[in-house]
Each structure stands twice: as C-alpha cells, then as structure tokens.
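> Would you be able to build a 3D model of this:
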Amino acid sequence: MPHITIAAASVVTPMGVNKAGQQQIDATVTNRKLTDWIVRPGYESTVVADDEIIAAGAASVTVRARVQLAATWNSTFGVLRVMLMRNDTEIRTADFVNGTNALTLPDTAATLAVGDRLWLRMTNTTSGGFSMTGTVQGGTNTYLTADFA
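This next block holds a predicted model:
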C-alpha cells in the first residue's frame, strides 16, 4: 500500500496594520522604515514582524497604503516621499503634494509568496535653511493593507 503524506495548506487571509504612534521623518533622511504598527480591525490574522506584514501564504493581492501627517507639508525645496516595499524591492512610490497633510498611494497589485514582506519607508530631501520635518501620525488614517485581488 502506498504511503501518502498530505501537508497542511497555508491559510491566506487579508492583512492590515495601522500606525500605532507618531514618527518624525527629519530633513535629509533617506529610506527610513515606518515603525510601530498594530493589527488593523478586521484583519485579525495579520502577522507582523520587524514592522512588516508577513504573508502567510501565496496570493494575488491589492495593496493599499495611506500616510497622515500631523501638519501640512509645504516645501518647494525638497520632497517627502513614501515608498511601498515588497521584501526589499520598491513596488510603488509617491510624493506628498505641497499644501496637503495626507498621501494615499494608488492601489498596487502584487503577487505574494509565503514569507513575503510588505512595509513602508520614507525619504525627506529637504536640507539646510529650507529643512522641514514631516511627522507621521499614528491611528487609523496611517495604514497598510493587502486584500485579495
């Protein structure tokens, strides 16, 4: 009689986190990881490690991200940039528009494998006498989610 082994399948669920606290993105900062995330309501099965969402299984997802600042961004001498990362590869980027305090990245299609990581980082190119600090707000208005495509 043949021996058959059946492995348990990875259960893939939608994933999402909210920023838990404020974080400053000082002038001349490059590629600063956004840290201090908590699982977003409705996404209770989300696995978070090292401030990154970890995919529990393979799936095609739509990734959504939004960053809320404590104050309006106003600089014509540099940009405040948000980058969506899959593992260590940038898959979407956008800059804050002057006169705004929030940035919603366009929906991003991604194919994830088990263990893939989704996370956000930011860059602030202002410097010298024209330096500005962007302070990222915690709460439900700063988030990262991955829902089934």
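> give me the low-pLDDT residue ranges for this structure?
For the chain, the stretches with pLDDT under 70 are 1-11.
> residue boundaries of the strands in it?
Residue ranges of the strands in the chain, as given by DSSP state E, are 15-19, 23-25, 32-33, 37-39, 47-49, 52-54, 59-73, 80-86, 89-95, 100-104, 108-112, 117-124, 134-136, 139-148.
> Could you identify which of those is most buried?
Compared across the strands of the chain, strand 15-19 shows the largest average neighbour count, a mean of 24 (mean count of other Cβ atoms under 10 Å). The C-beta positions use only the backbone N, C-alpha and C, and glycine is treated the same way.
> Which strands or helices does that strand pack on?
Helices and strands touching strand 15-19, as assessed by 3 or more Cβ pairs under 8 Å, 6 or more residues apart in numbering; DSSP states H and E, comprise strand 37-39, strand 52-54, strand 139-148.
> Parallel or antiparallel, list what pairs with it.
strand 37-39 (antiparallel), strand 139-148 (antiparallel) (DSSP bridges).
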